[in-house]
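Undergrad: Quick one, fold the following:
(one chain, ligands or ions: 1)
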Amino acid sequence: MTVTAPRHLVIVGRPGSGKGTQGARLARDLGLAHLSTGAALRRNIEMDTELGRLAGPYVAGGELVPDDVMLRVVEHALDAPEVRERGYLLDGFPRTAEQAAAFLEGHPDRLDAAIDLDLPSDEARRRLLARGRDDDDPAVIDHRLALDAAEAAPLVELLDRAGLLVRVDACGTEDEVFARILEALGRR
Ligand code: AMP
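TA: Alright, predicted model coming up:
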């Protein structure tokens, strides 16, 4: 049997679940382009681009940037020759069932698997408070976690129905979680 490594991945999970860390490591390991929408937005905000000026207030307040904007950001990123060649690991998108449906509409092959990092919200909150990014202010953290709690269930359900979901326990050390991800992907 030939096992083909997945080339179109998404990593989901609440803020603080380790999407960025594990996503970067997994992308490196599998040779995929790591596309973090949060990081892309933060770069644009820092560079004061048109996208950065539009997205800035949403990011600062822990609100979701409108879907049409995010879809354009992702479509543009996927169009890069390097990304087309290597494949990608999406981190931070899709974040809602609506984004996932729009992204997969007419392109079911855009995702081979969706890794869901499962972490209790009190542990996520603890990790976010310890991290100290600009939008990791306690009130904004609570808002982001509450927003995620509302968006996550329909998103995960859609990914599960599409046969893409790979659930991974995100408690423990970075190495432990990474080993679980590789193991879970290998079982698919
Ligand atoms: P992250 O780095 O994934 O935690 O994202 C940081 C912030 O960027 C979020 O709180 C949102 O304001 C914005 N953001 C990132 N990805 C998305 C997305 N797919 N849809 C809407 N907003 C997003």
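
Undergrad: could you list every residue that touches the residue in the chain that the ligand sits nearest to?
TA: Sorted by distance to the ligand under CB to the nearest ligand atom, the residues of the chain start with residue 38, at 1.9 Å. Using the backbone N, CA and C atoms, a C-beta is placed for each residue, glycine as well. For residue 38, the contacting residues are 20, 59, 91, 92, by CB atoms under 8 Å, 6 or more residues apart in numbering.

Undergrad: Work out for me the element it sits within.
TA: Using DSSP states H and E, the secondary-structure element containing residue 38 is helix 37-46.

Undergrad: buried stuff in that helix?
TA: 37, 38, 40, 41, 42, 44, 45 (16 or more other CB atoms under 10 Å).

Undergrad: what does stretch 124-136 give?
TA: For stretch 124-136, the buried set under the neighbour-count rule, 16+ other CB under 10 Å, comprises 124, 125, 127, 128, 135, 136.

Undergrad: Repeat that for stretch 88-108.
TA: Across stretch 88-108, burial judged by 16+ other CB under 10 Å covers 88-97, 99-100, 102-104.

Undergrad: Can you narrow these down to the ones near the ligand?
TA: With CB under 6 Å from any ligand atom as the criterion, these include 92, 93, 95, 99 near the ligand.

Undergrad: near the ligand, which residues of the chain?
TA: Taking CB under 6 Å from any ligand atom as the criterion, the chain approaches the ligand at residues 15, 37-38, 41, 58-59, 62-65, 70, 92-93, 95, 99, 144.
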